[in-house]
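Visitor: return atomic coordinates for the entry below.
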Amino acid sequence: MTTATATPADPGLPGTPAGRRGPGAPRRRRRFVVAALLVLLAAAALASLAVGAKPIPLPAVWDAIVLPTGTEDDIVVRSLRMPRTVLGIGVGIALGVAGALMQGHTRNPLADPGLLGVSAGAAFFVVIGIYALGVTSLLGYVWFAFAGALAASVLVFVLGSLGRGGPTPVTLALAGVAVSAMLTALTSALVLADTNTLDAFRFWAVGSVAGRDAETLGQVAPFLGLGLLLAAVNAPGLNLLALGEDVARGLGQPVQRTRWVGLIAITLLTGAAVAACGPIGFVGLVVPHVARSLTGPNHRWLLPASGLAGAVLLLVADVIGRVVVRPGELQVGIVLALVGAPFFVALVRRRRLAAL
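Guide: Okay, the predicted model is just below:
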């Protein structure tokens with residue numbers, strides 16, 4: 001596993017030269033980055049509301065939001081595209097923040113939210129729901145997926161906590177890989193044994209925000225909110241952990257509690273996102289690196305920047321999917337795989353990954 005330690009040049013961390021300079025150029029730059037990401041997110045949201053099989057002019061989109069009169073454009077915007085856009089923003093924020101937390105806690109620049117077995121657990125429970133209980137609706141998938149995500153995370157935490165040192169980045173990563181491999185094998189065995197299960201499961205497994213309504217968002221919103229709250233609480237402690245566990249303990253930071261808070265936040269955010277939209281890759285892997293290059297390693301700024309960048313990326317990928325095969329559409333999970341993989345390869349080749 002690739003590891004790195006914080007260096008004295010890391011900006012924004014306690015005890016570093018950049019941190020002693022106080023509010024100045026680094027802080028202004030971070031504020032500018034967050035403001036720019038908010039502007040980009042607003043633009044991506046407008047594009048998501050306007051672009052599709054039926055293009056809608058921006059003035060008509062504005063009228064549908066502010067002064068709806070029941071026209072066809074109003075119905076398309078308010079009933080179909082607005083819930084999809086809001087869900088895309090929520091899922092993008094969740095995956096971006098979860099990715100930044102995951103890379104920070106494991107000290108692995110190639111870590112993503114699925115490393116803890118969350119996606120594999122969700123997929124396995126969805127298959128069980130389809131195979132054993134005949135569940136076929138998206139609303140039914142949500143609860144099975146979330147239950148599977150939580151069950152897999154608990155199993156990984158238990159396995160990673162065995163031993164004297166409790167959960168560590170290495171033990172958690174190894175436990176996550178083992179549990180993911182086991183659950184993926186069981187999922188494959190079930191879907192290959194029954195054609196009807198395979199047909200139903202593949203539509204969820206591709207990863208998409210299409211066809212989800214406000215009720216789906218309402219079901220996962222409490223988990224997203226709690227996960228984001230725990231992520232915000234976890235940020236200061238994660239900054240101290242970047243200096244090393246011994247230093248963090250010397251500064252009075254409860255290391256194990258910080259680990260558990262972060263891991264619970266990752267589980268809630270990733271579990272809710274996967275439950276609502278299926279497994280969506282590359283957001284939690286690529287976005288934190290981009291955000292880190294703009295804000296530095298200070299998690300007080302890295303987490304919100306990663307969340308906003310994740311929402312922008314997911315919405316843009318969703319819009320691209322509607323355009324390239326119009327009047328049909330390409331699911332966002334496929335678009336992100338096609339765009340995200342080359343982007344990440346270029347990122348690795350052009351510059352050294354930001355130190356964790």
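Visitor: which SS class is the closest residue to residue 326 other than its chain neighbours?
Guide: Excluding the flanking residues, the one nearest residue 326 by C-beta to C-beta, 6 or more residues apart in numbering is residue 53, at 6.1 Å. Where you see a C-beta, it was placed from the backbone N, CA and C, and this is true even at glycine. Three-state call for residue 53 (DSSP: H, G, I helix; E, B strand; the rest coil): coil.
Visitor: backbone torsions only: list them for residue 53.
Guide: phi -60, psi -30 (degrees, to the nearest 10).
Visitor: now this protein, which segments are flagged as low pLDDT?
Guide: Applying pLDDT under 70 to the chain flags residues 1-24, 163, 165-167, 347-348, 350-356.
Visitor: list the contacts for the one residue sitting closest to the centre of it?
Guide: Against the mean C-alpha coordinate of the chain, by C-alpha atoms, centre = their mean, the closest residue is residue 95 at 0.6 Å. By C-beta atoms under 8 Å, 6 or more residues apart in numbering, the residues touching residue 95 are 113, 269-270, 273, 280, 283-284, 287, 310, 314.
Visitor: closest to residue 193 among those?
Guide: residue 280 (26.3 Å; C-beta to C-beta).
Visitor: what about residue 173, how many neighbours?
Guide: Using other C-beta atoms under 10 Å, residue 173 is surrounded by 21 other residues.
Visitor: gap between the nearest residue to it once chain neighbours are set aside and residue 99?
Guide: Counting by C-beta to C-beta, 6+ apart, residue 173 lies nearest to residue 106, which is 5.3 Å off, once chain neighbours are set aside. Here the criterion is C-beta to C-beta, to the nearest Å. By it, residue 106 lies 11 Å from residue 99.
Visitor: same deal with residue 162?
Guide: Taking C-beta to C-beta, one finds residue 162 at 26 Å from residue 99.
Visitor: ok, residue 334 next?
Guide: Applying C-beta to C-beta to residue 334 and residue 99 gives a distance of 19 Å.
Visitor: who's more crowded, those two?
Guide: A side-by-side neighbour count of residue 334 and residue 99, using other C-beta under 10 Å, places residue 99 first with 31 against 14.
Visitor: ok, residue 100 touching residue 302?
Guide: Yes. Using C-beta atoms under 8 Å, residue 100 is in contact with residue 302, at 5.4 Å.
Visitor: shared neighbours of the two, which are they?
Guide: Residues touching both residue 100 and residue 302 (C-beta under 8 Å, 6+ apart): 288, 291-292.
Visitor: before we move on, the earlier item: can you tell me the helix or strand for the residue nearest to the centre of the chain?
Guide: Using DSSP states H and E, residue 95 maps to helix 82-106.
Visitor: coming back round to it: can you pick the most crowded of the contacts of residue 95?
Guide: Greatest neighbour count in these, by other C-beta under 10 Å, goes to residue 273: 36 neighbours.
Visitor: who's in contact with that residue?
Guide: Contacts of residue 273 (C-beta under 8 Å, 6+ apart): 90-91, 94-95, 98, 113, 220, 224, 280.
Visitor: any chance of those residues in JSON lines, plus distance to residue 134?
Guide: Output for the contacts of residue 273, formatted as JSON lines (distance: C-beta to C-beta, whole Å):
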{"residue": "90", "distance to residue 134": "29"}
{"residue": "91", "distance to residue 134": "27"}
{"residue": "94", "distance to residue 134": "29"}
{"residue": "95", "distance to residue 134": "30"}
{"residue": "98", "distance to residue 134": "31"}
{"residue": "113", "distance to residue 134": "29"}
{"residue": "220", "distance to residue 134": "23"}
{"residue": "224", "distance to residue 134": "28"}
{"residue": "280", "distance to residue 134": "26"}
